[in-house]
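A.B. asks: sequence unknown, structure follows:
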């Protein structure tokens with residue numbers, strides 16, 4: 001029996017993880033659930049799964065959740081500090097980090113310091129502070145198990161290949177809802193259009209990131225740390241069917257690909273149950289439903305976010321932190337219809353040019369870079385000065 005803490009239990013990854021737990025109650029027990037804003041769903045989850053602890057990171061929602069769970073055995077905590085403290089409980093076997101954005105960094109670091117293995121769905125943690133995260137994981141003997149479908153695919157392809165160096169990896173991208181479109185078309189798209197992903201059902205932030213290819217850019221940076229690669233060893237190819245989830249090429253030229261239907265519950269289950277594969281009732285792939293699998297070059301000129309992410313990776317230091325902070329701001333502004341789709345890249349690029357570069361950042365440097373970049377990006381949007 002694995003006792004699991006699910007950070008961000010009300011989001012897309014968190015709710016799907018609970019579906020996996022629900023179907024495997026003999027293997028998994030929920031020990032901690034956390035959420036920021038969705039108090040109603042958090043209460044429903046707590047009443048169903050009866051975790052010893054629930055943490056509300058948004059103080060304004062604390063009283064509502066505490067009152068709703070007052071007759072249960074679940075203890076309700078509040079804030080990031082109490083979340084970090086509860087993650088040190090010895091009963092916890094695995095921490096699934098599914099919080100959105102930079103907010104996931106500090107709790108993930110706390111879990112690593114407590115010696116907990118990490119099922120990582122919060123890619124921003126490695127984008128922002130990959131070197132720090134991996135040095136701490138090594139120091140505390142912690143496994144980091146990727147949950148992103150692309151990184152899970154690479155991880156699965158590397159099973160049994162410990163002594164065979166990677167020559168290159170190919171991260172596949174669906175291309176999102178605007179694959180093949182030009183800048184003129186992208187200049188007029190709406191929030192509603194950008195939220196229509198052709199293959200995956202995800203939260204709003206990651207759906208917009210997928211439409212702009214920033215999600216793939218963040219995955220490129222994440223892959224560097226997960227698999228100890230140089231930027232030159234990582235490529236992105238567009239695969240509209242989303243059946244081949246990613247590919248590893250070895251030094252002899254042979255390649256391994258992991259395939260399956262686009263269903264996030266599969267990589268979630270793989271990470272939770274690792275190193276075992278467990279039976280499930282998920283739909284099975286039928287080759288006759290997909291007689292043709294196609295691949296295209298990613299359009300970095302039109303979808304500039306992908307090129308900017310590679311640039312940030314090559315520069316290193318705090319630059320991935322800067323690009324992540326700027327992106328979180330512009331995605332929120334786009335969703336609130338205060339900035340256009342293409343202007344998101346303009347703001348991100350200006351932040352990369354103007355924010356102070358730190359070659360060897362500390363955790364404090366990351367925190368300051370994140371804060372200052374958000375302030376600057378917000379000013380650029382408000383003043384239309386991008």
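C.D. replies: Now that the structure is in, tell me what you want to look at. All figures in this text were calculated on a predicted structure; none of them were measured in a lab.

A.B. asks: where do the strands sit along the chain?
C.D. replies: Using DSSP state E, the strands of the chain run over residues 2-7, 28-35, 53-56, 75-78, 94-97, 117-120, 144-146, 166-173, 234-238, 244-250, 255-259, 296-297.

A.B. asks: closest one to residue 288 among the ones you listed?
C.D. replies: Judged by Cβ to Cβ, the one of those that comes nearest to residue 288 is strand 255-259, at 14.6 Å. All C-beta atoms are positioned from the backbone trio N, CA, C, and that covers glycine.

A.B. asks: which residues touch residue 173?
C.D. replies: By Cβ atoms under 8 Å, 6 or more residues apart in numbering, residue 173 lies in contact with 210, 213, 216, 236-239, 298.

A.B. asks: Report the two of these separated the most.
C.D. replies: 210 and 237, at 15.1 Å, using Cβ to Cβ across those.

A.B. asks: the more surrounded of the two?
C.D. replies: Shown here are residue 210 and residue 237; by other Cβ atoms under 10 Å, residue 210 has more neighbours (24 against 17).

A.B. asks: residues near the nearest residue to that one once chain neighbours are set aside, how many?
C.D. replies: Leaving aside its chain neighbours, residue 210 sits nearest to residue 176 (4.8 Å; criterion: Cβ to Cβ, 6 or more residues apart in numbering). Using other Cβ under 10 Å, the number of residues around residue 176 comes to 25.

A.B. asks: Spit out the contact partners of residue 176.
C.D. replies: Contacts of residue 176 by Cβ under 8 Å, 6+ apart are 197-198, 210-213.

A.B. asks: mind checking how far it is from residue 118?
C.D. replies: 28 Å (Cβ to Cβ, to the nearest Å).

A.B. asks: List the buried residues in stretch 219-228.
C.D. replies: 219-227 (16 or more other Cβ atoms under 10 Å).

A.B. asks: Could you export the strands of the chain as CSV, including mean pLDDT?
C.D. replies: Output for these, formatted as CSV (pLDDT from 0 to 100):
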stretch, mean pLDDT
strand 2-7, 98
strand 28-35, 98
strand 53-56, 98
strand 75-78, 97
strand 94-97, 98
strand 117-120, 97
strand 144-146, 97
strand 166-173, 97
strand 234-238, 97
strand 244-250, 98
strand 255-259, 98
strand 296-297, 96
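
A.B. asks: So which of those is nearest residue 308?
C.D. replies: Nearest of the strands of the chain (Cβ to Cβ): strand 234-238, 13.1 Å.

A.B. asks: sorry, back to before: drop anything exposed from the contacts of residue 176.
C.D. replies: 197, 210-213.

A.B. asks: how many other residues sit next to residue 357?
C.D. replies: Neighbours around residue 357, by other Cβ under 10 Å: 13.

A.B. asks: How about residue 101?
C.D. replies: Neighbours around residue 101, by other Cβ under 10 Å: 21.

A.B. asks: I'd say residue 295 and residue 241 touch.
C.D. replies: No: applying Cβ atoms under 8 Å, one finds residue 295 not in contact with residue 241, separated by 9.6 Å.

A.B. asks: Neighbour count for those two, which is higher?
C.D. replies: residue 241 (17 against 13).

A.B. asks: That one and residue 262, how far apart?
C.D. replies: For residue 241, the distance to residue 262 - Cβ to Cβ - is 8 Å.

A.B. asks: Mutual contacts of those two, please.
C.D. replies: Going by Cβ under 8 Å, 6+ apart, residues that sit against residue 241 and also against residue 262 are 174, 199.

A.B. asks: Can you verify my assumption that residue 128 contacts residue 103?
C.D. replies: No: Residue 128 lies out of contact with residue 103 (Cβ under 8 Å); the separation is 10.6 Å.

A.B. asks: Now do stretch 91-100: everything it contacts.
C.D. replies: By Cβ under 8 Å, 6+ apart, stretch 91-100 touches 2-9, 11, 13-14, 17, 31-32, 34, 36, 52, 87, 104, 107-108, 111, 114, 116-122, 124-125, 147, 203, 205-206, 268, 271-272.
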